[in-house]
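build me a structure from this.
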Amino acid sequence: MKKRFLNQASKLFVSTIFVASVVLPSLSLNVNAALKRTETHELNSNITYTYKDVNIDGQFDTLIIEGDGPIPSFRTSGDDAAPWRTERHNIVDIIIEDGVKSIGDNAFYQFDYLKAVEIPDSVKYIGEGAFFKCARLEEITIPYGVDVIESSTFSGCYELESIEIPENIVEIESSAFTYCIKLKRVEFEGDDLELIGAAAFAGCAMEEIEIPEGVENIKENAFNGCSKLKEVTIPKSVKKIGVKAFENCPDIEEVNFDCRTSLEFDEEWGFDEEFFILEHNFKNGVCTICSKKEKEESDDTEYVDWDEIIENTEFTFGTTTYNVKMPSKDTTVPYDVFDVLKNKNTLLNIKVDDTFSWTIKGKEIETPKNLNLGVKIADKTIPLSVMDKYTKDYNYKEIELSGKGEFGLKAELTIDVGTINNGNKVDLYYYDPDDENSLEFIATSKVESGKVTLPFTHASRYVIDIYSTEVKNDKDDDSFDFDDFAAGENIVVTEIIL
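Numbering: from 1, shown residues only. Next up, the predicted model:
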């Protein structure tokens with residue numbers, strides 16, 4: 001495996017600091033720690049593990065496991081957790097040497113920065129939750145000796161984009177790849193697969209999926225919430241499709257199945273009929289279920305521009321409402337708009353795009369000024385260690401507001417989080433970059449009609465944590481209910497930079 005650039009840069013950094021410390025002994029870097037390039041421990045009589053290399057903070061970033069026996073199963077926390085769990089915020093690479101027979105349950109549970117894993121063909125079993133919540137895992141190869149992908153093995157691996165299912169895999173158990181939100185390609189190499197478990201690929205990013213010949217049972221929620229899925233192919237071997245197996249997949253354009261299948265169709269056959277008109281066409285032994293998406297509701301809102309607001313000096317006895325569709329290139333609301341609306345019984349609705357919209361009441365405008373209210377999705381910046389303390393998962397996105405500082409008013413931001421989150425609650429936290437170890441709770445709201453509305457008074461960084469009301473606060477609780485998971489492994493966390 002190609003060594004990461006960061007690791008190489010870290011070695012150069014450590015070497016440079018060491019030379020400098022000889023000349024300048026007053027430097028505060030712990031040179032002794034930096035020089036300690038490897039550290040080997042004995043797990044048991046058959047397995048040893050070694051920490052290798054050092055990152056820029058002088059911490060190990062590679063874990064090597066070797067031996068001629070199994071890596072045992074562990075619990076997710078406490079004294080029974082894996083001994084290398086203490087390094088889970090540092091390890092980037094894991095190398096398992098040839099000879100290791102298996103990987104036990106929860107072996108690498110929630111390794112936040114893990115990007116790549118090397119697993120030899122000697123490994124015949126990978127346990128439940130072995131790579132659960134490895135949020136940055138980008139690549140992994142399942143050995144050919146493995147015949148079952150166990151429950152939650154790769155669930156929550158948000159950066160995983162493709163996976164090859166070896167030909168001798170016979171079962172993919174429940175939640176195996178649940179909410180791998182970037183998983184676009186799933187390649188089945190053979191036809192030994194018989195079962196796709198409940199929520200196995202729920203919330204993934206595939207645009208098409210071809211179920212391999214041999215699969216007999218697609219369990220409930222198997223592909224629920226795959227919002228980008230457009231085409232599904234089902235072979236004649238499939239005898240049962242579980243409830244909601246393809247629900248909340250609004251972009252599906254067609255479903256192809258072999259007409260010789262013994263699959264029974266009924267009202268709970270797995271597809272969301274809200275998005276389908278089922279028309280069975282027959283050609284060359286293949287039936288196609290042609291789906292027609294419902295027409296999107298037309299936007300009948302009457303919009304005005306800024307000048308119309310500024311020039312209007314007459315206000316009715318009731319509330320005067322203005323609806324504005326914000327230009328994509330100039331997202332600044334002029335001072336004159338707020339000056340006209342200040343202290344008036346007015347309501348300003350600003351549609352940024354299909355995801356974001358602002359609502360501002362004239363009587364809550366205190367200090368009129370030019371205010372940039374452009375909003376967009378941005379790169380992740382809040383440290384995972386902070387997220388771990390306050391939220392319930394690591395699946396989060398950041399949203400950036402173009403402006404800076406105090407608004408001079410109170411505004412409500414409405415965010416479209418999808419109807420799949422209806423009934424869920426949302427906590428809003430403020431993140432102070434000057435205090436990088438904490439979040440400050442601001443407000444709680446509820447998702448209705450797929451949207452949530454939250455209050456803002458200034459531009460900074462925020463986190464929204466979307467969760468089911470039934471979710472427990474214990475991060476190490478392994479209980480699972482797909483109806484809570486549909487938004488993203490129980491949680492969708494979105495960071496907002498304002």
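
can you give me the helices for the chain?
Along the chain, the segments classed as helices by DSSP state H run 5-23, 31-35, 306-311, 335-341, 384-390, 482-485.

wait, what's in contact with the residue nearest to Val333 when sequence neighbours are not counted?
Once flanking residues are discounted, Val333 sits nearest to Leu371: 5.0 Å by Cβ to Cβ, 6 or more residues apart in numbering. The C-beta positions use only the backbone N, C-alpha and C, and glycine is treated the same way. Counting by Cβ atoms under 8 Å, 6 or more residues apart in numbering, Leu371 touches Thr332, Val333, Phe338, Gly403, Phe407, Gly408, Leu409.

now with 10 Å, please.
331-335, 337-338, 358, 360, 365, 402-403, 405-409, 411, 459 (Cβ atoms under 10 Å, 6 or more residues apart in numbering).

where are the low-confidence patches of the stretch 251-400 of the chain?
Along the stretch 251-400 of the chain, the parts satisfying pLDDT under 70 run over 259-269, 272-298, 315-317, 377-380, 384-385, 388, 391-398.

that one: strands as residue ranges?
254-258, 279-283, 286-290, 320-325, 332-333, 346-351, 356-365, 371-372, 375-378, 396-401 (DSSP state E, counting those that start in this stretch).

tell me which of the ones you listed lies nearest to Glu128.
Nearest to Glu128, of all the strands of the stretch 251-400 of the chain, is strand 396-401, at 24.7 Å by Cβ to Cβ.

if we can go back for a sec, could you point out which of the strands of the stretch 251-400 of the chain sits nearest Asn422?
Among these, strand 356-365 comes nearest to Asn422, with 18.1 Å by Cβ to Cβ.

and that closest one, which residues are buried?
Within strand 356-365, the residues scored as buried using 16 or more other Cβ atoms under 10 Å are Phe356, Ser357, Trp358, Thr359, Ile360, Lys361, Gly362, Glu364, Ile365.

and the spatially closest residue to the fifth one that is not a sequence neighbour, how far is that from Val232?
Put plainly, it is Ile360. The spatial neighbour of Ile360 that comes closest, neighbours along the chain excluded (Cβ to Cβ, 6+ apart), is Leu348 at 4.4 Å. Counting by Cβ to Cβ, to the nearest Å, the gap from Leu348 to Val232 is 44 Å.

kindly report the same for Asn217.
16 Å.

out of these two, which sits in the busier spot?
Neighbour comparison, Asn217 and Val232: the larger count goes to Val232, with 26 against 16 (by other Cβ atoms under 10 Å).

contacts only, for that one.
By Cβ under 10 Å, 6+ apart, Val232 lies in contact with 206, 208-211, 218, 223, 226, 245-246, 249, 252-257, 270-271, 289, 291.

which of these are buried, as a PyMOL select command?
Per 16+ other Cβ under 10 Å, the buried members of these correspond to this PyMOL selection:
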select buried, resi 206+208+209+211+218+223+226+245+246+249+252+255+256+257+270+271+289+291
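
burial count for Asp339?
The number of residues packed near Asp339 is 12, by other Cβ under 10 Å.

surely it is in contact with Glu366?
No: checked against Cβ atoms under 10 Å, the pair Asp339 and Glu366 is beyond contact range at 11.8 Å.

wait, Val333 sits on Val352?
No: taking contacts as Cβ under 10 Å, Val333 lies outside contact range of Val352: 11.1 Å.

where do the contact lists of the two overlap?
Val324, Met326, Trp358, Leu373, Gly374.

go through those residues and name the one nearest Leu193.
Distances from Leu193 to the shared contacts of Val333 and Val352, taken by Cβ to Cβ, are shortest for Gly374, at 46.9 Å.

now do the contacts for Pro433.
Thr381, Ile382, Ser460, Arg461, Ile497 are the contacts of Pro433 under Cβ under 10 Å, 6+ apart.

tell me how far the third one lies from Ala205.
Distance check for Ser460 against Ala205: by Cβ to Cβ, it reads 30 Å.

with the second one instead?
To Ala205, Ile382 is 23 Å away according to Cβ to Cβ.

more neighbours: those two, which one.
Taking neighbours as other Cβ under 10 Å, Ile382 and Ala205 compare with Ile382 leading, 22 against 18.

chain center to stretch 342-360, what's the gap?
Relative to its parent chain, stretch 342-360 has a centroid offset of 29 Å by Cα atoms, centre = their mean, to the nearest Å.

now do the strands in the stretch 1-150 of the chain.
38-42, 47-52, 62-67, 93-96, 102-103, 116-118, 125-126, 148-149.

so of these, which one's packed in deepest?
Highest mean neighbour count of the strands of the stretch 1-150 of the chain: strand 102-103, a mean of 24 (counted as mean count of other Cβ atoms under 10 Å).

elements contacting that strand?
Using 3 or more Cβ pairs under 10 Å, 6 or more residues apart in numbering; DSSP states H and E, the elements in contact with strand 102-103 are strand 125-126.

would you list the strands that the strand it packs on pairs with, along with their directions?
Take DSSP bridges as the rule and strand 125-126 pairs in its sheet with strand 102-103 (parallel).
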